[in-house]
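*Asks:* Provided below are the primary sequence and the corresponding predicted coordinates.
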Amino acid sequence: MLSTARHGLKRKTNLLPRESLLSRHESSSAHFRVDVAEFVAAAATVDQIPALNGRPEVIVTGRANCGKSTLFNAVLGRKDLLRTSKKAGCTQTLNFFRVGAHPGSVVLVDAPGYGARGRQQWGDLFNEYISTRKQLKRIYILFNGKHVLNDTDIQMLKHLSETLLKDGAQTYTLQSIITKVDCIPSDSLSQVIPKIQKQIWEAAPLCLPPIITSAAMRPMYGIDAVRKNIADVCGLSLPR
Ligand SMILES: Nc1nc2c(ncn2[C@@H]2O[C@H](COP(=O)(O)OP(=O)(O)OP(=O)(O)O)[C@@H](O)[C@H]2O)c(=O)[nH]1
Ligand SMILES: [Mg+2]
């Protein structure tokens, strides 16, 4: 897996001139075609982060087990392109998935979770990635709808807000997502959702208001909205 990350780095030096010369207009008229998606690289350390030709990227974060990898599988209409597990701590590296035919239109980046099952080096890697990645368009911060936000969530929101505002030169925005809404009893939805929204707003006023999702409901709930959100922030349209 890690050698694939090195190949990703190599690819930059082999960049075709046309790819490097794609104008903003050309890329903004492209489609977000989720039917073609593949794993490209995993990075356990900063030097393993692949260059990937500067295609727009989005990354997920959230407490371990909140449904990050499942959400990206759902966005891509796949069951197991990304590894998921009932046990927290499943994703342990930054995993890069190219979407669209080569060279791809967007890269989805799955990330390890934070909190009790997180590790310091995962946090360091994530922080380094978000503070240096020029093509990063949006960070999706996920909250499991079964629980209100805890101190770690609040700290993370504050930390991301500060990073966002640090020097006014960030390329990305911050979007919240509430997952697993199928697990909230229907008679308490009207209290739970506004409570989480309020917590997000208080900790990070610039965080975009939550998209509400369930990957377990049939049909899935809110996944189209996430797909459209990714397409919009990456300047792509969805194929009809
Ligand atoms: N009921 C329900 N379960 C979900 C939903 N989304 C994910 N899950 C389940 O939650 C568990 C964790 O999902 P993952 O996608 O592996 O979570 P993660 O955030 O990537 O976890 P880590 O990689 O360990 O940080 C799995 O058993 C999923 O099937 C959802 O919307 N509803
Ligand atoms: Mg995961």
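*Replies:* Received, thanks. Ligands and ions are numbered 1, 2, ... in the order given.
*Asks:* need the strands for the protein, in chain order.
*Replies:* 37-43, 57-62, 94-99, 106-110, 136-144, 173-179, 208-212 (DSSP state E).
*Asks:* Please determine whether the fourth one lies in contact with ligand 1.
*Replies:* Just to be clear, that refers to strand 106-110. No - residues of strand 106-110 are not located near ligand 1 by C-beta under 6 Å from any ligand atom, the shortest gap being 7.0 Å. Where you see a C-beta, it was placed from the backbone N, CA and C, and this is true even at glycine.
*Asks:* Mind listing residues that contact that strand?
*Replies:* For strand 106-110, contacts defined as C-beta atoms under 8 Å, 6 or more residues apart in numbering pick out 32, 37, 40, 52, 55-60, 68-69, 72, 75-76, 82, 91, 94-100, 129, 135, 230-231, 234, 236.
*Asks:* Distance from that strand to the middle of the chain?
*Replies:* Distance of strand 106-110 from its chain centroid, counting by C-alpha atoms, centre = their mean, to the nearest Å, is 7 Å.
*Asks:* angle of that strand against strand 94-99?
*Replies:* Strand 106-110 runs at 150 degrees relative to strand 94-99, counting by axes from the mean of the first three to the mean of the last three C-alpha atoms, to 10 degrees.
*Asks:* Direction included, what does strand 106-110 pair up with?
*Replies:* strand 57-62 (parallel), strand 94-99 (antiparallel) (DSSP bridges).
*Asks:* Look at Ala51 and say how many residues are nearby.
*Replies:* 15 (other C-beta atoms under 10 Å).
*Asks:* So which bits of this structure are right by ligand 1?
*Replies:* Going by C-beta under 6 Å from any ligand atom, the residues of the chain near ligand 1 are 62, 64-70, 84-86, 88-91, 112-113, 179-180, 182-183, 214-216.
*Asks:* at 5 Å instead, please
*Replies:* 64-70, 84, 86, 88-91, 113, 180, 214-216 (C-beta under 5 Å from any ligand atom).
*Asks:* From those, list the buried ones, please.
*Replies:* 64-70, 84, 89-91, 113, 180, 214-215 (16 or more other C-beta atoms under 10 Å).
*Asks:* Filtering the residues you listed by proximity to ligand 2, which remain?
*Replies:* 68-69, 90-91 (C-beta under 5 Å from the ion).
*Asks:* from those, which is closest to Pro210?
*Replies:* Lys68 (14.6 Å; C-beta to C-beta).
*Asks:* who's in contact with the closest residue to that closest one other than its chain neighbours?
*Replies:* Leaving aside its chain neighbours, Lys68 sits nearest to Val60 (4.1 Å; criterion: C-beta to C-beta, 6 or more residues apart in numbering). Contacts for Val60 (C-beta under 8 Å, 6+ apart) come out as 68, 71-72, 109-111, 139-142.
*Asks:* Can you name the residues of this structure that neighbour ligand 2?
*Replies:* 68-69, 90-91.
*Asks:* Could you identify the most distant pair in these?
*Replies:* Once C-beta to C-beta is applied, those give Lys68 and Cys90 as the farthest pair, at 9.4 Å.
*Asks:* before we move on, the earlier item: would you format the strands paired with strand 106-110 as TSV with mean pLDDT included?
*Replies:* As requested, the strands paired with strand 106-110 are arranged in TSV below (pLDDT from 0 to 100):
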stretch	mean pLDDT
strand 57-62	98
strand 94-99	97
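*Asks:* What residues does Val75 make contact with?
*Replies:* Val75 neighbours (C-beta under 8 Å, 6+ apart): 34, 108, 223, 226-227, 230.
*Asks:* Show the pLDDT at it.
*Replies:* Among the per-residue scores, Val75 holds a pLDDT of 98.
*Asks:* Perfect, I'm done here.
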